[in-house]
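[1] Sequence plus the predicted model coming up.
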Amino acid sequence: MAYRIGAYVVDTRENRIAQVIGNRGSRVQVRQSGGGLEWEVPFPSLRLASRTEREGAGASVPGSLAGCTECVDLEAARREAVASGEEEAVVDATIAVRSHFRDAHLLSGRSW
């Protein structure tokens with residue numbers, strides 16, 4: 001198992017939160033949240049950071065879901081499709097929810 005690049009982890013040797021920037025063999029390359037000091041950590045010495053730990057380090061998900069009316073509407077439509085039992089409608093609604101989440105909340109502000 002490996003941590004994906006960008007994941008927030010805790011170096012349990014020093015109880016420091018860091019962001020994964022790479023993997024090299026049995027070691028994971030990390031850096032302080034927001035940039036700065038970089039170091040390598042043996043994989044067994046890491047664990048995923050909790051939401052509270054991520055927020056404490058200043059990490060947040062762009063485009064918070066709180067208050068997103070489009071998320072609420074799309075999820076309601078998906079639940080209706082599930083209740084109807086129409087497989088094609090369920091697939092379409094699920095794709096709509098995931099596409100919106102990706103475009104509005106994960107990729108917002110990125111220019112690739």
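    Done, it's in.
[2] What lies in contact with the longest strand anywhere in the chain?
    Secondary structure of the chain read by DSSP state E shows that its longest strand is strand 16-24. Counting by C-beta atoms under 8 Å, 6 or more residues apart in numbering, strand 16-24 makes contact with 2-11, 28-33, 38-41, 49, 53-54, 56-57, 59, all of which sit outside it. No exception for glycine: its C-beta is placed from N, CA and C like everyone else's.
[3] Among the residues you listed, which lie within strands?
    Using DSSP E, the contacts of strand 16-24 in strands are 8-11, 28-31, 38-41.
[4] Closest one of the residues you listed to residue 89?
    residue 8 (36.6 Å; C-beta to C-beta).
[5] circling back to that earlier point, show me what counts as buried in the longest strand of the chain.
    Applying a neighbour-count criterion of 16 or more other C-beta atoms under 10 Å, one finds 16-20 buried in strand 16-24.
[6] what separates it from the chain centre, distance-wise?
    Centre-to-centre, strand 16-24 and its host chain are 15 Å apart (C-alpha atoms, centre = their mean, to the nearest Å).
[7] just the angle between it and strand 27-31, please?
    Using axes from the mean of the first three to the mean of the last three C-alpha atoms, to 10 degrees, one finds that strand 16-24 and strand 27-31 are set 130 degrees apart in direction.
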